[in-house]
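1. please work out how this folds:
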Amino acid sequence: MTAGQLSEAADRLASVQCAPGSWRWIDEGRAADLEFAMHPDTARGALEGAFAATDVAVQLAEGRAKKLLVADMDSTMITVECIDELADYAGIKAQIAEVTERAMRGELDFGAALDARVALLKGLSESAIEQCLAERVKLMPGAKALVQTMRARGATCVLVSGGFTRFAEPVGAEIGFDTVIANRLVIADGALDGTVERPIVDSATKLDTLRAVRGELGLGASDTLAVGDGANDLAMIREAGLGVAYHAKPIVAAAAGVRVDHGDLTALLYAQGIARGEWVGA
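-> Sure thing, here's the model as predicted:
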């Protein structure tokens, strides 16, 4: 990112009567703040996609540092969909991945799709879970920096996954989340029995968690940040003060207040005005 691009961005805002003000670097060449006075939706339309490989977050200057993070796991805090990778050990990855993709695009009921996919894993050895965790599950770039920096600044961080505790709990511990909520696979005689314990962690669970923790902490909606990539993240993204679609499916990207299409999860620190020199766990 260059100073020239920021000047052009100010010109774009002026052309749509958004009354641009001054700009400043957060980290020179990587992230900057550009003030403007009016019409946030118009401003977003004028800037998104205007500059190559650049993400845009339009938000109020006041209260941008958030006090609660609620995050999805698969394809958000980690680079893979765990159920798809687990299916690979059963030799049915392509079959299950197709259903996962449709569910994340909002084309299938999440709970029904989860039950159908887990049923196909019946009989898979429990040892495949640990093997998958060790061999396939990688943290998303910026995950530790995001969570550990926010916690160091007093925020609460909650991981709520439609995936499974056997993955979410170690991932959450490694990244540094305060709390982890996820589905529990039923294991019998050392193998998956093809079912998930009730109640299923779904879109409603994610929304309810955001609201419940926000209430427990005495926070307002503007104090919250939610991030995810799939249709089951939409409700919490819409509810949050800063709702972020992270390298997301089209239905999510279209509805979120902020899209991160190019950067990693540290873009959410920049969105809060936090410079690299203040990051923890990077």
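2. how close does the residue of the chain positioned farthest from its centre get to residue 44?
-> The centre of the chain is farthest from one residue, residue 189, which by C-alpha atoms, centre = their mean lies 35.0 Å away. Going from residue 189 to residue 44 by C-beta to C-beta, to the nearest Å gives 54 Å. Every C-beta, even on glycine, is put in place using the N, C-alpha and C of the backbone.
3. residue 169 - how many residues pack around it?
-> Residue 169 has 16 neighbours, counted by other C-beta atoms under 10 Å.
4. and it, that one's in a helix?
-> Yes - under DSSP: H, G, I helix; E, B strand; the rest coil, residue 169 falls within a helix.
5. can you pull the contacts of it?
-> By C-beta atoms under 8 Å, 6 or more residues apart in numbering, residue 169 lies in contact with 180, 182.
6. same question, residue 87
-> 93, 95-97, 117, 120-121.
7. what is the helix ranked longest in the chain packed up against?
-> Longest helix in the chain, counting residues (DSSP state H): helix 203-217. Contacts defined by 3 or more C-beta pairs under 8 Å, 6 or more residues apart in numbering; DSSP states H and E place helix 203-217 against strand 68-71, strand 156-164, strand 179-183, strand 224-228, helix 234-239.
8. average pLDDT for the second one?
-> This points to strand 156-164. On average, the pLDDT along strand 156-164 is 98.
9. pairing partners for that strand, with directions?
-> strand 68-71 (parallel), strand 179-183 (parallel) (DSSP bridges).
10. so which of the helices and strands packed on helix 203-217 is the most surrounded?
-> strand 224-228 (a mean of 29; mean count of other C-beta atoms under 10 Å).
11. mind checking how far that strand is from the chain centre?
-> 6 Å (C-alpha atoms, centre = their mean, to the nearest Å).
12. could you say what helices and strands that strand packs with?
-> strand 68-71, helix 203-217, helix 234-239, strand 242-246.
13. tell me which of those lies nearest to residue 176.
-> Proximity to residue 176, assessed across the helices and strands packed on strand 224-228 by C-beta to C-beta, is greatest for strand 68-71 (10.9 Å).
14. ok, then the element right after that closest one?
-> Sequence order places helix 82-89 as the next helix or strand after strand 68-71, per DSSP states H and E.
15. between strand 179-183 and that next one, find me the angle.
-> 50 degrees (axes from the mean of the first three to the mean of the last three C-alpha atoms, to 10 degrees).
16. tell me the average confidence for helix 82-89?
-> On average, helix 82-89 scores 96.
17. kindly export the helix or strand just after that helix (C-alpha atoms) in PDB.
-> Heading C-terminal from helix 82-89, the first helix or strand you meet, by DSSP H and E, is helix 93-104. The C-alpha trace of helix 93-104 is given here as PDB (Å, rounded to 0.1, in the frame of the first residue of the first chain):
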ATOM      1  CA  LYS A  93     -13.200 -37.200   1.400                       C
ATOM      2  CA  ALA A  94     -14.700 -36.100  -2.000                       C
ATOM      3  CA  GLN A  95     -18.200 -37.300  -1.000                       C
ATOM      4  CA  ILE A  96     -18.200 -35.500   2.300                       C
ATOM      5  CA  ALA A  97     -16.400 -32.400   1.100                       C
ATOM      6  CA  GLU A  98     -19.200 -31.800  -1.400                       C
ATOM      7  CA  VAL A  99     -21.800 -31.800   1.400                       C
ATOM      8  CA  THR A 100     -19.600 -29.600   3.600                       C
ATOM      9  CA  GLU A 101     -19.300 -27.000   0.800                       C
ATOM     10  CA  ARG A 102     -23.000 -27.000   0.100                       C
ATOM     11  CA  ALA A 103     -23.800 -26.600   3.900                       C
ATOM     12  CA  MET A 104     -21.300 -23.700   4.200                       C
END
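18. buried ones in helix 93-104, by neighbour count?
-> Using 16 or more other C-beta atoms under 10 Å as the burial criterion, the residues of helix 93-104 that qualify are 93, 96-97, 99-100, 103-104.
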